[in-house]
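J.: Turn this into a structure:
(one chain, ligands or ions: 2)
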Amino acid sequence: MTTKLPLTHLDDLSFDNIFIRDLPGDTETNNHPRQVLAACYSQVLPTKVVNPQLVAVATEVAELLDLSPELCDSEDFTEVFTGNRLSRGMEPYALCYGGHQFGHWAGQLGDGRAINLGEIINSKGERWALQLKGAGPTPYSRTADGLAVLRSSIREFLCSEAMHHLGVPTTRALSLTLTGESVIRDMFYNGNRKAEPGAVVCRVAPSFTRFGSFQILTARRDHTLLKQLADHTLRTHYSHLGEPCSAVYLAWFTEICKKTAEMIVHWQRVGFVHGVMNTDNMSILGLTIDYGPYGWLENYDPNWTPNTTDAEHRRYRFGNQPEIAYWNLGQLANALYPLIQQVEPLQDALNVYTETFEQGWQAMMAEKLGLNAYQPETDESLFNDLIALLQRVETDMTVFYRQLAMIPADNQTDDERLILPLMLAYYVPDQLSADYKTHLHDWLNRYIKRVQQDNSSDIERRTRMHAVNPKYVLRNYLAQLAIDKAETGDFTMVNELLDCLRRPYDEQPDNENYAEKRPDWARQRAGCSMLSCSS
Ligand code: AMP
Ligand code: MG
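T.: Ligands and ions are numbered 1, 2, ... in the order given. Purely as a prediction, here's the structure:
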């Protein structure tokens with residue numbers, strides 16, 4: 001019997017829970033914190049909540065799962081995606097993984113507040129794992145409560161979808177719900193404990209396996225299970241590489257290096273700072289995963305990190321992300337070593353990361369500037385000088401690139417008029433000294449000459465630049481405004497942002513306010529430029 005599409009009942013979702021079928025689970029079934037050995041997961045039920053309420057649904061993700069809009073509106077949807085009811089085929093479990101946190105091996109971490117519901121196969125034959133974040137404690141919760149608060153859940157929900165629409169590989173978010181219960185958090189770990197609304201996000205991805213999923217097994221010298229998890233991942237998500245063997249493990253690791261490089265190029269393109277690039281937050285599929293204290297560059301500052309927990313060493317600052325991804329891949333290489341047992345080819349794969357990143361970065365910068373292709377003789381210094389200029393005075397990255405597309409290259413314009421479109425990007429007009437302006441004019445004149453070599457018209461160039469330089473990103477202060485409203489029970493801004501960020505590259509005359517650079521009040525406000533891991 002075939003089910004009519006789209007689905008009108010969640011019990012009609014077609015589950016195929018291959019992860020737990022293929023791999024060994026925890027033999028202990030009581031839900032208490034512990035070390036879980038010789039297993040990739042523990043079966044655990046979401047905690048029931050008193051008063052689930054739907055805040056928002058990403059309709060595109062619902063469509064991926066073949067869910068009808070009426071179904072998403074139903075009470076059953078809210079019950080299921082807050083964890084109150086299991087629909088047919090759901091077999092909940094939390095994943096076991098470890099990780100390096102801020103450069104130090106942390107041992108077992110695991111899904112401390114994420115509970116997988118299972119994997120569905122949609123009508124196109126695609127596999128999607130569903131996971132509730134904030135649905136209660138698991139054996140991996142250590143001393144924490146397994147819960148999530150509304151503010152961090154809004155941030156995860158909106159940013160996953162914003163990143164997807166920007167063309168950045170990412171996990172997705174189906175729904176955001178309130179649990180009706182409150183959760184105690186000390187937002188800046190300074191003794192200010194506060195009750196906040198509890199919330200759950202349903203995340204969706206082909207797989208939630210992380211670098212740390214392999215690391216924990218190698219750290220425990222469980223090479224049998226390491227091979228089982230690697231083979232499962234290969235057969236399920238990298239089957240085009242062939243049946244597992246030493247050469248295939250290497251090809252697989254090389255592909256992970258490439259995918260990771262491509263993801264980081266995207267982050268640098270759109271000005272995204274992940275904030276906690278620990279190895280447990282690195283996806284084996286090269287997806288952006290775990291939206292915690294992330295942020296978006298406002299004024300272009302490669303040293304910026306939104307994460308106050310990392311304020312001292314700034315390990316995860318914007319400009320360091322490419323380096324950290326390489327370091328993380330090095331840790332994954334160590335974890336996969338027992339399967340391959342040769343250092344040199346693993347190092348070659350790591351070099352593929354570096355090459356892919358460098359070439360990708362050059363091509364991406366050329367695109368951001370509307371050039372046909374990267375030309376090393378002229379473009380290396382053109383890019384570097386621009387990056388130096390962007391840091392000399394407070395310059396909004398997003399506005400600057402968007403407005404650069406408006407600079408005319410077809411006709412001669414005098415210098416004063418030339419820079420007019422860029423004025424919108426500056427935070428402190430007083431910083432625009434005569435010396436700065438001279439440098440800017442020089443750079444713009446070089447840029448115009450370079451653009452003229454390509455023989456593309458201003459209109460063509462603008463169209464191409466607008467397709468890679470977003471007008472709308474989830475600015476830190478916008479997310480915070482949506483949170484402020486939501487905490488009073490008004491979810492309109494969450495839904496407005498979700499809608500606006502669906503078309504980040506389009507001009508949206510009704511949403512000009514969401515494209516404005518950070519207002520002054522948000523410069524030092526908590527949640528706008530400063531976040532912590534407390535979520
Ligand atoms: P994160 O910094 O979000 O990647 O989290 C690091 C580890 O801490 C992961 O194992 C999380 O599952 C766990 N964790 C974070 N917050 C909580 C929480 N409120 N309850 C239980 N575990 C948590
Ligand atoms: Mg994490």
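J.: contacting residues around the residue in the stretch 201-350 of the chain that ligand 2 sits nearest to?
T.: Taking Cβ to the ion, ligand 2 has its nearest neighbour within the stretch 201-350 of the chain at Asp290, 4.0 Å off. Where C-beta positions appear, they are placed from N, C-alpha and C, glycine not excepted. When contacts are counted by Cβ atoms under 8 Å, 6 or more residues apart in numbering, Asp290 touches 276, 280-281.
J.: what stretches of the chain score poorly on pLDDT?
T.: 1-2 (pLDDT under 70).
J.: What parts of it come near ligand 2?
T.: Within the chain, the positions near ligand 2 by Cβ under 5 Å from the ion are 281, 290.
J.: change it to 8 Å
T.: 99, 109, 210, 276, 278, 280-281, 289-290, 292 (Cβ under 8 Å from the ion).
J.: wait, is Ala94 part of a strand?
T.: Yes. Residue state for Ala94 (DSSP: H, G, I helix; E, B strand; the rest coil) corresponds to a strand.
J.: Name whatever forms a beta bridge with it.
T.: Ser42 (DSSP bridges).
J.: My read is that it contacts Ala135, right?
T.: No. The criterion here is Cβ atoms under 8 Å, and Ala94 misses it with Ala135 at 9.8 Å.
J.: Domain-wise, how is the chain divided?
T.: 10-96+127-204, 212-367, 371-455 (automatic domain parsing).
J.: who wins for proximity to ligand 1 among those?
T.: domain 10-96+127-204 (3.1 Å; Cβ to the nearest ligand atom).
J.: hmm, that closest one touching ligand 1?
T.: Yes. With Cβ under 6 Å from any ligand atom as the criterion, ligand 1 is reached by domain 10-96+127-204 at 140-141, 144-147.
J.: Endpoints of that domain, how far apart?
T.: 15 Å (Cα to Cα, to the nearest Å).
J.: Please compute how far stretch 251-269 lies from its chain's middle.
T.: 13 Å (Cα atoms, centre = their mean, to the nearest Å).
J.: Now that stretch: buried residues?
T.: 251-269 (16 or more other Cβ atoms under 10 Å).
J.: Restricting to C-alpha, output the helix or strand containing Leu229 in PDB.
T.: Assigned by DSSP states H and E, Leu229 belongs to helix 223-237. Provided in PDB are the C-alpha atoms of helix 223-237 (Å, rounded to 0.1, in the frame of the first residue of the first chain):
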ATOM      1  CA  HIS A 223      39.300  -0.800  17.100                       C
ATOM      2  CA  THR A 224      36.600  -3.300  16.400                       C
ATOM      3  CA  LEU A 225      33.900  -0.800  17.000                       C
ATOM      4  CA  LEU A 226      35.900   1.900  15.200                       C
ATOM      5  CA  LYS A 227      35.900  -0.200  12.100                       C
ATOM      6  CA  GLN A 228      32.200  -1.000  12.500                       C
ATOM      7  CA  LEU A 229      31.300   2.700  12.800                       C
ATOM      8  CA  ALA A 230      33.600   3.600   9.900                       C
ATOM      9  CA  ASP A 231      32.100   0.900   7.700                       C
ATOM     10  CA  HIS A 232      28.600   1.900   8.600                       C
ATOM     11  CA  THR A 233      29.300   5.600   7.800                       C
ATOM     12  CA  LEU A 234      30.900   4.600   4.500                       C
ATOM     13  CA  ARG A 235      28.200   2.300   3.400                       C
ATOM     14  CA  THR A 236      25.400   4.700   4.400                       C
ATOM     15  CA  HIS A 237      26.800   8.100   3.500                       C
END
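J.: Show the subsequent helix or strand relative to it.
T.: Taking DSSP H and E, what comes next after helix 223-237 is helix 246-270.
J.: my read is Leu174 is in a helix, agree?
T.: No. Per three-state DSSP, Leu174 lies outside any helix segment and is strand.
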